[in-house]
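Got a sequence here, can you build the structure:
(one chain, ligands or ions: 1)
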Amino acid sequence: MALSGVHKDRGELRIHESLDELGTDLADYIAELSETSVKERGVFAIALSGGSLIGLMGKLCEAPYNKTVDWAKWYIFWADERAVAKNHADSNYKLAKDGLLSKVPIVPSHVHSINDSVSAEEAADEYEFVIRQLVKTRTISVSDISDCPKFDLILLGMGPDGHVASLFPNHPVLEANDEWVTYITDSPKPPPERITFTLPVINSASNVAVVVAGEGKAEAVHLAIDDVGTDCPPLPARMVQPTKGKLVWFLDKPAASKLEGSQFSE
Ligand SMILES: O=C(O)[C@H](O)[C@@H](O)[C@H](O)[C@H](O)COP(=O)(O)O
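Residues are numbered from 1 along each chain as shown. Just a heads-up that it's a prediction; the model follows:
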């Protein structure tokens, strides 16, 4: 059974015995948010990341979700993308297409991938423009406290260094506040050129989920969630603090193994 708890200002923590259990809980969570959003707004605007996240979302392609989720109302975006061709093994679009989007009845015109035939800088500008158009028509909602888009759900993974999307520790990209989408050309995780949502966009979402598995990330999970003082600059994952939205951490036990654990109940 999963342990769950609420950290006073780091959101809800859901800690799972196995990746199988994590995958089921994640699929339930996404399916519920989709249902609520479709009821309230008629659409579900969801942003994906790359990495192990897509594999962990695999249960959405199986019963009951493949039949019960209102896939036709989904609009798909990417919180970050690598500047490579869409058919390249490193492409986050390809990862999601092969692992999820090709297996469920998503409307192809609702899939808003990043242009792979221009520079990372141009692709970031273009992607922001596309998002602006969809905010105007309210396919993507708008934040009531800033002019930022308010995605119904942004799904993030986290690296062992605490990066989320393509927001890396000690990188100037963490200070990008004027753009919704920006780019980097020196990613410490290959490939070097990437496009990413900025922190203001991530923190304007209605829901943000950070999905993290494996012991190699336990220290970063501890630094991102526990009260560790202010001596070091906060990890990017710690800077994920939705202003009005809800933050949920999906962890397996090894990833949660360095958390100060008093806040949990079965
Ligand atoms: O394109 C990317 O590289 C990602 O979006 C990135 O932020 C990823 O989510 C983390 O690096 C975690 O990746 P893993 O779950 O594979 O460790």
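
Look at I145 and report its pLDDT.
As summarised for this prediction, I145 has a pLDDT of 88.

er, L100 I mean
Per the predicted model, pLDDT is 97 at L100.

in the stretch 1-150 of the chain, what residue is nearest the ligand?
Distances between the stretch 1-150 of the chain and the ligand by CB to the nearest ligand atom are smallest at G51, namely 2.4 Å. C-beta here means a position set from N, CA and C on the backbone, and glycine is covered the same way.

Name the residues of the least confident helix or strand in the chain by mean pLDDT that are buried.
For the chain, the helix or strand with the lowest mean confidence is strand 3-7, at a mean of 78 (criterion: mean pLDDT, DSSP states H and E). Judged by neighbour count using 16 or more other CB atoms under 10 Å, the buried positions of strand 3-7 are L3, S4, H7.

what's the distance between the first one and K217?
So the one you mean is L3. The spacing between L3 and K217, counted by CB to CB, to the nearest Å, is 17 Å.

Please list the residues of the stretch 101-250 of the chain that sit near the ligand.
If contacts are counted using CB under 6 Å from any ligand atom, the residues of the stretch 101-250 of the chain sitting beside the ligand are G157, M158, G159, H163, V164, A165, K189.

can you pull out the strands in the stretch 101-250 of the chain?
With strands called from DSSP state E, counting those that start in this stretch, the stretch 101-250 of the chain shows them at 141-142, 149-150, 153-157, 181-184, 194-197, 207-212, 246-252.

where does the protein have low pLDDT?
Scanning the chain for pLDDT under 70 picks out the ranges 1, 261-266.

repeat that with 50
Of all residues in the chain, those with pLDDT under 50 make up the ranges 262.

Identify the single longest helix in it, thanks.
Among the segments of the chain that qualify as a helix by DSSP state H, the longest is helix 19-41.

which parts of that one are buried?
19, 21-27, 29-31, 33-34, 37-38, 41.

So for stretch 143-154, what gets flagged as buried?
Residues of stretch 143-154 classed as buried: S143, C148, P149, K150, F151, D152, L153, I154 (neighbour count, 16+ other CB under 10 Å).

Please give me every residue in contact with A83.
By CB atoms under 8 Å, 6 or more residues apart in numbering, the residues touching A83 are D116, S119, A120, A123, Y183, P191, E193, R194, I195.

Can you say which of those are buried?
Buried subset of these (neighbour count, 16+ other CB under 10 Å): D116, A120, A123, Y183, E193, R194, I195.
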